[in-house]
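K.L.:
Sequence first, predicted coordinates after that:
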Amino acid sequence: MGAMQAVAVAALCPEVTTLSLQHTWMCDLAGGDADRIDGWTPGWSEAGQYFDACYFAPYVRGTVCNMTAAMGDDLAPLSRVIALYNALDTDKQISFDQNGRHNETGGGYNKVYQIQGDPVSFDLDEVVILDNGYAQPQE
């Protein structure tokens, strides 16, 4: 829950200059209505949106944001974390741990892919995976 709370603090306190988020839970609570994986989150409600990290994201200003997401996370599903990333309107980058789960690394085969900018896209025509394991958008 710390990452979700950190987004709220950054949104409410303009003094925050750096935000580091790992496996952010409570993102995109309405995502189930759009057929995104639910994960371990409550369903959307009008009152519950106040706890949704995506609700606070547009209010985060002047902050550098570094995020990590685990591609095998069943508590904070990747699609929900990407919704948060895309909702942030700040200098940001995200790293994807290919075989990671919530608060776990991927073990023996653990590639990490990084993307900077907006929005995150997994269209193979737009993203190139380099030999070093980093993803970069096509120029």
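P.N.:
Structure's in. What do you need? Numbering: from 1, shown residues only.
K.L.:
tell me the pLDDT at the residue most central in space within the chain?
P.N.:
Central residue of the chain (CA atoms, centre = their mean): Val81, 3.1 Å from the mean position. Looking at Val81, its pLDDT stands at 90.
K.L.:
Which element, helix or strand, includes the spatially closest residue to it that is not a sequence neighbour?
P.N.:
Once flanking residues are discounted, Val81 sits nearest to Ala69: 4.2 Å by CB to CB, 6 or more residues apart in numbering. C-beta here means a position set from N, CA and C on the backbone, and glycine is covered the same way. Remark: Ala69 resides in strand 64-70, with elements defined by DSSP states H and E.
K.L.:
Same check on Ser20?
P.N.:
In this assignment (DSSP H and E), Ser20 forms part of strand 18-22.
K.L.:
the strands in the chain, which residues?
P.N.:
Along the chain, counting by DSSP state E, strands occupy 18-22, 64-70, 92-97, 112-116, 127-129, 135-137.
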